[in-house]
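Colleague: Below are the sequence and a predicted model; questions follow.
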Amino acid sequence: MAQLRIALAQVNPTVGDLGGNADLIVEWARRAAAAGAHLVAFPEMMLTGYPVEDLALRGSFVEASQRALAGVARRLAAEGLGDLAVVTGYLDRQVVGLARDPSRPGRPAGSPLNAAAWLHGGEVLVRSAKHHLPNYGVFDEYRIFVRGDRLPVVRLHGVDVATVICEDLWQDGGPVGVTATAGAGLLLALNASPYERDKDDVRLDLCAERAREAGCALAYVNMVGGQDELVFDGDSVIVGADGTLLARGPQFAEHLLVADLALPAADPSARPGRTPVDAGDGTTITVDRRTLSDATLPAYPVEPQSVAEPLDDLAEVYAALVLGTRDYVRKNGFRSVLLGLSGGIDSALVATIAADAIGPENVHAVLLPSRYSSEGSVTDAEDLVKRQGINSRIVPIGGMVEAFEAELDLHGLAAENLQARIRANVWMGLSNEHGHLVLTGGNKSELATGYSTLYGDSAGGFGPIKDLTKTMVWALARWRDTVPDGGGLPFLHPFAQEPIPEAIIVKEPSAELRPDQRDRDSLPDYAVLDPLIVDYVERDLGRDALVAAGHDPALVERVIRLVDLAEYKRRQYPPGPKTTPKNFGRDRRLPITNRWREPSAG
């Protein structure tokens, strides 16, 4: 057996910031070297950020990525880090003359590659690219990338280390399918795997299964941070050849996971060169062997392994919302946010998430009482402001509404929506004046059923709770109040008391746009509605399947109609953090103009 100390750098790059991301690679490589690591691995597409979407189709961007990669290699050597093996993701392109890629008819050679590279001694030692290109959910990789056909196996201190990229672990065959044949002692997987609830356990099981199949230890490094609707949760892991968990990084935080591994020494008869191997999925993978160092290291003292405890379910979801909100604000150049604070549960949770994300001093709440606002709504909102120490101001809208009503003869829903749109005008005006990012307070239950006003409460730049059902909003509010001081969790701001007043949590929800209005006037009880929304939106169950699952047939018909008719509103809603298997946004893409209606077997 041979020893190898590896470091997994789960860090937070920014899409398009090649200079800043290169700085991160050098900074964290320096930390890895200081920790005595022999190899440090960075996430998928680390140098460019992920996902780059159609930036991959711009030749100028691809060329900039290639130049940046070579520059990072030279800089590492110049700063005394040339002896450290650095593996990182980046954007490359296929270059094979004028030939065409037979797996992608009509696509010319030179197409973009979701690539990985080994850097050492100031040089780019070896390059490879992702083989399995996901084309489901939030992914469009088959559209913009050409697949790779190579498994690099680099001998480092007498250990053969194979490298694959993200989806290559999730699909059978391909590079992972030939890892055992290649005799690798360690399988290194670079990932930008977005967060969704319960995915951490699925990933760990997958890593254990692939390690057993490959017959070697597996190191899985994952990106951390927010990118538009996606949140990357880190949670990097290392498992043994038998699937046993050896080390684990924290969730939702940048971290250098360092581990000492006892690995099988490489077969001395396997020499550098390229060997085509049948991958078992109808493709051929070329095993590309390179050597950095043949000799194994002398025995050295082993450091204790670090295994971070996963967060519980509600803490995990809340951490994703905080990180997604923080990164959207900061990466887009904002320093502060503004929201309408109504005294209801949705805006209360949004304010709390914002205070945790960027600090209470950077959160600006606007109270907008109208003729239909209850006294409790204003006092409850003021109580929240005092508990959290956020900024606030009161802007009564009664006079504004009356001015519009004097010029327009509006009744019923049109009159109600007028109030909501006037509120939005106040938010957007203050946003323009002071440079705040406006946060919207709509939840998934409301977005699903169209229970929101277009250009009213749907106005803003980011929706922190858009992927939460109403029942989850309540659950997270109650959970946050159980840890007012932060409970030692780094993503929570310490408050002196519960940040959300109990009166807000127990209050019956209302839009307060007409006398004595309640959500239940227009919607079923959320405890009944939300499971139906999950089954229809996230599980894609049809009408009869929903009834078979136990939902009331009349309610099924009603909710399907509401959801289908509200697609045009959702298209105009701002982005927000994805936390479920299917969010309204990148995940769910339905036509607005659509006459299809779910049929009934009856």
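Modeller: Okay, I see it.
Colleague: Need the three-state assignment for the nearest residue in space to Ser522 that is not next to it in sequence.
Modeller: Once flanking residues are discounted, Ser522 sits nearest to Tyr451: 6.4 Å by Cβ to Cβ, 6 or more residues apart in numbering. Any C-beta I mention is one placed from the backbone N, CA and C, and that applies to glycine too. Here Tyr451 is recorded as coil under DSSP: H, G, I helix; E, B strand; the rest coil.
Colleague: quick one: buried residues of stretch 228-245?
Modeller: Within stretch 228-245, the residues that count as buried by 16 or more other Cβ atoms under 10 Å are 228-241, 243.
Colleague: hey, which helix or strand in the protein has the poorest pLDDT?
Modeller: helix 141-144 (a mean of 83; mean pLDDT, DSSP states H and E).
Colleague: contacts for the helix ranked longest in the chain?
Modeller: Ordering each helix of the chain by length in residues (DSSP state H) puts helix 412-434 first. Helix 412-434 is contacted from outside by 336, 338-340, 364, 366, 368, 370, 372, 395, 397, 400-401, 404-405, 408, 410, 436-438, 453, 455-461, 511, 513-514, using Cβ atoms under 8 Å, 6 or more residues apart in numbering.
Colleague: Report the central residue of this protein.
Modeller: Most central in the chain under Cα atoms, centre = their mean is Val231, positioned 1.8 Å from the mean C-alpha point.
Colleague: which element is it on?
Modeller: Val231 is located in strand 230-233, with elements delineated by DSSP states H and E.
Colleague: can you give me the mean pLDDT across that strand?
Modeller: With pLDDT averaged residue by residue, strand 230-233 scores 96.
Colleague: now that strand, how far from the chain's geometric center?
Modeller: Offset of strand 230-233 from its chain centre (Cα atoms, centre = their mean, to the nearest Å): 2 Å.
Colleague: and it, what does it pack onto?
Modeller: Applying 3 or more Cβ pairs under 8 Å, 6 or more residues apart in numbering; DSSP states H and E, one finds that strand 230-233 contacts strand 224-227, helix 313-331.
Colleague: Which SSE is immediately downstream of it?
Modeller: Where DSSP H and E defines the elements, the next helix or strand beyond strand 230-233 is strand 237-239.
Colleague: That next one pairs with which strands, parallel or anti?
Modeller: The pairing partners recorded for strand 237-239 under DSSP bridges are strand 217-222 (antiparallel), strand 245-248 (antiparallel).
Colleague: So which residues make contact with the longest one?
Modeller: It refers to strand 217-222. Under Cβ under 8 Å, 6+ apart, the answer for strand 217-222 is 6, 8-10, 41-43, 169, 185-193, 203, 207, 210-211, 232-241, 246, 257, 259, 261, 263.
Colleague: Repeat that for the last one.
Modeller: Under the contact criterion Cβ under 8 Å, 6+ apart, strand 245-248 has outside partners 204, 208, 217, 235-240, 257, 259, 261, 305-308, 310.
Colleague: Which pLDDT value goes with the nearest residue to Ser377 once chain neighbours are set aside?
Modeller: Spatial nearest neighbour of Ser377, excluding adjacent residues (Cβ to Cβ, 6+ apart): Gly343 at 3.3 Å. With respect to pLDDT, Gly343 scores 89.
Colleague: got the contact list for Gly343?
Modeller: Going by Cβ under 8 Å, 6+ apart, Gly343 touches 367, 373-374, 376-381, 384, 504, 507.
Colleague: host element of it?
Modeller: Using DSSP H and E, Gly343 falls outside every helix and strand.
Colleague: Quick check: phi and psi on the residue of the chain most remote from its centre?
Modeller: When distances to the mean C-alpha position of the chain are computed (Cα atoms, centre = their mean), the maximum falls on Ala406, with 47.2 Å. Per-residue torsions, Ala406: phi -70, psi -20 (degrees, to the nearest 10).
Colleague: Show the average pLDDT along stretch 148-156.
Modeller: Taken as a whole, stretch 148-156 has an average pLDDT of 94.
Colleague: next one: it to chain centre, how far?
Modeller: Taking the mean of its C-alpha atoms, stretch 148-156 sits 28 Å from the chain's own mean (Cα atoms, centre = their mean).
Colleague: what does stretch 175-184 give?
Modeller: Relative to its chain's centre, stretch 175-184 lies at 30 Å (Cα atoms, centre = their mean).
Colleague: Then stretch 581-597?
Modeller: 20 Å.
Colleague: What residues of it count as buried?
Modeller: Residues 582-587 are the ones in stretch 581-597 that count as buried (16+ other Cβ under 10 Å).
Colleague: Can I get it as CSV, trimmed to CA atoms?
Modeller: Only the C-alpha atoms of stretch 581-597 are listed here, as CSV (Å, rounded to 0.1, in the frame of the first residue of the first chain):
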residue,chain,number,x,y,z
PRO,A,581,-36.6,18.2,-7.2
LYS,A,582,-38.6,20.5,-9.5
ASN,A,583,-38.9,24.2,-9.1
PHE,A,584,-40.7,26.9,-11.1
GLY,A,585,-37.9,28.1,-13.3
ARG,A,586,-35.1,26.0,-14.8
ASP,A,587,-36.7,22.7,-13.9
ARG,A,588,-40.3,23.1,-15.2
ARG,A,589,-40.8,24.4,-18.8
LEU,A,590,-44.3,24.4,-20.1
PRO,A,591,-45.8,26.5,-22.9
ILE,A,592,-47.8,29.5,-21.9
THR,A,593,-50.2,29.2,-24.9
ASN,A,594,-51.4,25.7,-24.2
ARG,A,595,-54.9,24.1,-24.7
TRP,A,596,-54.0,20.7,-23.3
ARG,A,597,-56.0,19.8,-20.3
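Colleague: what sits up against it?
Modeller: 137-138, 196-197, 229-230, 444, 447-448, 466-467, 537-538, 540, 560-561, 564, 567-568, 570-571, 573, 575-576, 578.
Colleague: Need the per-residue pLDDT for Ala7.
Modeller: pLDDT for Ala7: 98.
Colleague: Which parts of the stretch 501-602 of the chain are strands?
Modeller: Counting by DSSP state E, counting those that start in this stretch, no segments of the stretch 501-602 of the chain form strands.
Colleague: One more: the stretch 1-150 of the chain?
Modeller: With DSSP E, counting those that start in this stretch as the criterion, the stretch 1-150 of the chain has strands spanning 2-10, 39-41, 85-93, 112-120, 123-129, 150-156.
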